[in-house]
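Please find the sequence and the predicted model below.
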Amino acid sequence: MTQSTGRKNNKDKFYVVTREGRRAWPKDYWTISEAQAHAQSLTDALRSFKDRNAHKVVVVETTDPLSIQ
């Protein structure tokens, strides 16, 4: 028996950490909290190197994580 998740479709959602629109790490996350923790860690590391693009780290929700390269 399948439990209803309340979603309109039955595709799984994934979260991908990106930087400037490109995948920043090869791992896909199942929860947004894991993805946000990694994004914060990456942002902190970039700021420690005074990277001017540190603010361009974003968590993207997707049903097709392979489409984000």
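The structure has been received and is ready for your questions. Numbers count the residues shown, from 1 in each chain.

all strands for the protein, in order.
Ranges of strands in the chain, per DSSP state E, are 14-19, 22-23, 57-62.

Deepest in the core, which of the ones you listed is it.
strand 14-19 (a mean of 21; mean count of other CB atoms under 10 Å). Every C-beta, even on glycine, is put in place using the N, C-alpha and C of the backbone.

average pLDDT across that strand?
For strand 14-19, mean pLDDT rounds to 96.

picking that back up, which one of the strands of the chain lies closest to residue 43?
strand 57-62 (4.9 Å; CB to CB).

The strands of the chain into CSV, with extra columns for distance to residue 39?
Listed next are the strands of the chain as CSV, based on distance: least, CB to CB, whole Å:
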stretch, distance to residue 39
strand 14-19, 5
strand 22-23, 12
strand 57-62, 5
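
Figure out which of those is closest to residue 32.
Comparison of those against residue 32 by CB to CB identifies strand 14-19 as nearest, at 5.3 Å.

With just CA atoms, put the closest one into PDB.
Extracted C-alpha coordinates of strand 14-19, given in PDB (Å, rounded to 0.1, in the frame of the first residue of the first chain):
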ATOM      1  CA  PHE A  14      15.900  16.500  -4.800                       C
ATOM      2  CA  TYR A  15      17.900  19.500  -3.700                       C
ATOM      3  CA  VAL A  16      21.100  20.400  -5.500                       C
ATOM      4  CA  VAL A  17      23.700  23.000  -4.300                       C
ATOM      5  CA  THR A  18      24.600  25.300  -7.200                       C
ATOM      6  CA  ARG A  19      27.000  28.200  -7.600                       C
END
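
Bridge partners for the residue positioned nearest the centre of the chain, pull those for me.
Note on the chain: the residue nearest the mean C-alpha position is residue 16, at 2.4 Å, using CA atoms, centre = their mean. Here residue 16 sits in beta bridges with residue 60, as judged by DSSP bridges.
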